[in-house]
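> Got a predicted model here, sequence first, then my questions.
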Amino acid sequence: MRTLYLECNMGAAGDMLLGALYELLPDKAAFTEAMNRLHPEISVTFEAASSCGIAGTHAKVVAAGQEEHSHDHHDHGEHHDDPHGHHHDHGESEHHHDHGPMGHHHASLAEITAMIDGFDLPECVREKAKEVYRLLAQAESKAHGVEVGEVHFHEVGALDAVADITGVCYAMELLGAEQVSASPVNLGSGNVRTAHGILPVPTPATASLLEGIPAYMSQVPGELCTPTGAALLRSFAASFGPMPPCTIRATGYGMGSKDFGRANCVRAFLCETGAAEGPNDQVCELKANIDDMTGEALGFAMERLLEAGALDVFYTPVQTKKNRPAILLTVLCRPSDADRLAAEILRHTTTFGVRRTDCERYAMRVASETVETAYGPIRSKTGTGYGVTKSKWEYEDLAAAARRAGVPLARVLEDLRR
């Protein structure tokens, strides 16, 4: 099984993860070109760097004419006079509605989402990047006691964080690992200066994002895991622990900027693990019987659970005690998200309890491509694994093509099969 293992012995930041994954890509030039098409004010280069004699790659982002992390004030996060060793990825936010000390615009989550929607990348990559940003906004909302809609990201910081996040999501798609796992996360120690004042490491947003994920404090001074690094790990890693027995195919090193006297990097191992005959993924099922909610309320609850990061949400008609017709709510999620989503179920439904079942599943590796057809560009999704390959057209693209051409959906499918 094609497996990606992320070693976070010096924490994780968006640019370090991006640099490590970049080293594993077969076509680095095409990836760099795609990154530099994202936005007219974003420039991305990948530079050779080293730490403790180990060679690696530093992902350098120039956003709105400023080099990533070079500016001295951040309404959204850390001040870079503090002694930690990473180029920060600026996922951190400021929830003010006005302009910052130097008059920079603050971008809302909706504005960032709209920006990502305009990127020339596969839809699955754009959706994953938006998911990571939603996790960041939810963590900042919780940390600062404000609504998600009040969380605003500094303009320059938002641009280079978008580059880091989108780049990691795109690289993950290109690598096509069937399973992603990571080591326990080194958080560092001490304090960090932010727009809100001096905060302990890990910052509240990072701590929220790492709930359910193995992590530890160390003697290394400074913030080693940033909110963006934490959000990316939560989004992609299905499990955390020691590296599984495997055959290493390639290793990537994403470098930080400071010298700690130890290798300051994230290592990414692309490897083959065991025979692909058994389960290769872990999910959690959360269930609750509900007999006293309206259809509108159930629909709203489903929307909120999906927004909170559930992999899937569905309802099944059931018969419960006292001969009552009821609905069985089932939420599929990553095990690390289960506690948080169980609380969301209790918040948005009338149930007094949630059942949890941890499951292993057999998951195919899924890749998406856009195919030019007589009806215009239509995306095709292909799954491979366990000796099976299967493909299907994306329904939303088929439906849009049928509407444009004024023909039945079945006609579009029939023509594509020819």
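In hand now; what should we look at? Numbers count the residues shown, from 1 in each chain.

> show me where pLDDT drops low in the stretch 301-418 of the chain?
The stretch 301-418 of the chain contains no residues with pLDDT under 70.

> all helices of it, in order?
According to DSSP state H, counting those that start in this stretch, the stretch 301-418 of the chain carries its helices in the segments 338-348, 395-405, 409-417.

> right, and those - which one's nearest residue 39?
Closest of these to residue 39 is helix 395-405, at 24.4 Å (criterion: CB to CB). Placement of C-beta: from N, CA and C, glycine included.

> got the contact list for that closest one?
Where contact means CB atoms under 8 Å, 6 or more residues apart in numbering, the residues beyond helix 395-405 that reach it are 373, 375, 376, 377, 378, 379, 408, 409, 411, 412, 413.

> From the chain's centroid, how far away is it?
Taking CA atoms, centre = their mean, to the nearest Å, one finds the center of helix 395-405 at 29 Å from the center of the full chain.

> Check stretch 376-391 too.
Chain-centre distance of stretch 376-391: 23 Å, with CA atoms, centre = their mean.

> For that stretch, give me every contacting residue.
When contacts are taken as CB under 8 Å, 6+ apart, the neighbours of stretch 376-391 outside the stretch itself are 1, 122-123, 178, 276-277, 280, 362-371, 392-394, 397-398, 401, 404, 416.

> again, 6 Å this time
Contacts to stretch 376-391, defined as CB atoms under 6 Å, 6 or more residues apart in numbering, come from residues 276, 364-371, 392-394, 397.

> One more: stretch 24-40?
Stretch 24-40 is contacted by residues 44, 119, 120, 167, 174, 175, 250, 252, 268, 270 when judged by CB under 6 Å, 6+ apart.

> pLDDT wise, what is residue 251 at?
On the pLDDT scale, residue 251 is placed at 97.

> Skip the chain neighbours and tell me the closest residue to it.
residue 269 (5.5 Å; CB to CB, 6 or more residues apart in numbering).

> wait, what's in contact with the one you found?
5, 248, 251.

> how much space between it and residue 384?
When distances are taken as CB to CB, to the nearest Å, residue 269 and residue 384 turn out to be 21 Å apart.

> re the thing from before, so which of the contacts of helix 395-405 comes closest to residue 127?
For the contacts of helix 395-405, the nearest to residue 127 is residue 379 (11.8 Å; CB to CB).

> residue ranges for the helices of this protein, please.
When assigned using DSSP state H, the helices of the chain occupy the ranges 14-22, 28-35, 109-117, 123-144, 155-175, 204-209, 227-236, 295-307, 338-348, 395-405, 409-417.

> could those go into TSV alongside distance to residue 332 and mean neighbour count?
Supplementary listing: those in TSV, determined by distance: least, CB to CB, whole Å; neighbours: other CB atoms under 10 Å:
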stretch	distance to residue 332	mean neighbour count
helix 14-22	25	30
helix 28-35	31	15
helix 109-117	23	17
helix 123-144	15	21
helix 155-175	20	26
helix 204-209	20	25
helix 227-236	15	28
helix 295-307	10	15
helix 338-348	10	17
helix 395-405	20	15
helix 409-417	27	14
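
> Show the model's pLDDT score for residue 292.
On the pLDDT scale, residue 292 is placed at 93.

> and the residue nearest to it when sequence neighbours are not counted, how many neighbours does it have?
Once its chain neighbours are removed from consideration, residue 292 has its nearest residue in residue 350; the separation is 5.3 Å (CB to CB, 6+ apart). Residue 350: 13 surrounding residues under other CB atoms under 10 Å.

> Let me have the helices of the chain in a markdown table, extended by distance to residue 257.
As requested, the helices of the chain are exported to a markdown table (distance: least, CB to CB, whole Å):
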| stretch | distance to residue 257 |
| --- | --- |
| helix 14-22 | 9 |
| helix 28-35 | 20 |
| helix 109-117 | 25 |
| helix 123-144 | 22 |
| helix 155-175 | 14 |
| helix 204-209 | 19 |
| helix 227-236 | 14 |
| helix 295-307 | 35 |
| helix 338-348 | 32 |
| helix 395-405 | 42 |
| helix 409-417 | 50 |
